[in-house]
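Peer 1: kindly generate the corresponding structure for this input.
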Amino acid sequence: MNKENFLFDVGTVMWRDWTVLKRRLKKFIFSRLVTPILYLTAFGWGLGRSINLDGGNYLDFLVPGIIALNTMNVSYMSATTIHAEKVYHKSLEEYLLAPISPLAYVVGKISSAIIRAGISTALILCVAFLFGAGLNFLADFERTAEFLFVIILNSIIFSGVGFCAALRVQTFEELAQVNTYILMPMSFLCGTFFSVDRLPEILKFFIEILPLTHTSELLRNGFNFFSLIILIFYAGILIFFSCREFKKLSS
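Peer 2: Next up, the predicted model:
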């Protein structure tokens, strides 16, 4: 594989998605502000005022969980637009006919999802700061670098989930079922709003297998080798399956 051609193909896919996002950027920004403001108001200011976790502020505990949840949803939704490109717009056929490798297309789409998740995360950090959150996970350069790396890994994982789902299902109803049966349980159980240590042991075992649990852990408490390896494993597996699904369409 020619490295220059690969990077050019990745950039082409990203540029196409960025052009679409740029036209809708204001709507995207405002829509991304609604959910974190509601969560921070209801749980951070409302419920959170009466909760202390190990002597700490619940609002400071909540913000990393919201960021983990947000990057999951944004990156997943970014990738699922491929379903409309395949079924309705028929623009996916242009990529299938073009001399572009499956890996370049997948990396381009995932990179676009990372950009969307990054913009959304920056918005949440601004809102959290205005709400009075401490943002201790950005205390120094090392923690900030770890934070960004985990955000990228989480975006890769869930954009991969969205990519595979978008290519395998036939209708939007089936796509919604993926959200209902996979994303929604993780949204509430994977350490986003409360510590998984409070769950029954049997349930805790299954929850700790899921990637969002480890994302929440890393964002909240810093470097953890085991959690990092789990996320890297998920990211690699989902990139592999995304490429395989794309190859199936072109064969």
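
Peer 1: how far off centre is stretch 178-190?
Peer 2: The chain centroid and the centroid of stretch 178-190 are separated by 13 Å under CA atoms, centre = their mean, to the nearest Å.

Peer 1: ok, the nearest residue to K247 once chain neighbours are set aside - contacts?
Peer 2: In this structure, K247 finds its nearest non-sequential neighbour in P102, 5.0 Å apart by CB to CB, 6 or more residues apart in numbering. (Glycine included, C-beta is placed from N, CA and C.) Each residue near P102 by CB atoms under 8 Å, 6 or more residues apart in numbering is listed here: C243, R244, F246, K247, S250.

Peer 1: filter the residues you listed down to the buried ones, PyMOL style.
Peer 2: Filtering those down to the buried ones (16 or more other CB atoms under 10 Å) takes a single PyMOL command:
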select buried, resi 243+246
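
Peer 1: which of the contacts of P102 sits closest to V13?
Peer 2: F246 (11.4 Å; CB to CB).

Peer 1: surely that closest one and Y105 touch.
Peer 2: Yes. With contact defined as CB atoms under 8 Å, F246 and Y105 form a contacting pair (5.9 Å).

Peer 1: returning to what we had before: take the contacts of P102 and lay them out in JSON lines including pLDDT, secondary structure and distance to G118.
Peer 2: JSON lines is the format used below for those (pLDDT from 0 to 100; DSSP: H, G, I helix; E, B strand; the rest coil; distance: CB to CB, whole Å):
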{"residue": "C243", "pLDDT": "93", "secondary structure": "helix", "distance to G118": "23"}
{"residue": "R244", "pLDDT": "93", "secondary structure": "helix", "distance to G118": "27"}
{"residue": "F246", "pLDDT": "90", "secondary structure": "helix", "distance to G118": "24"}
{"residue": "K247", "pLDDT": "88", "secondary structure": "helix", "distance to G118": "28"}
{"residue": "S250", "pLDDT": "72", "secondary structure": "helix", "distance to G118": "30"}
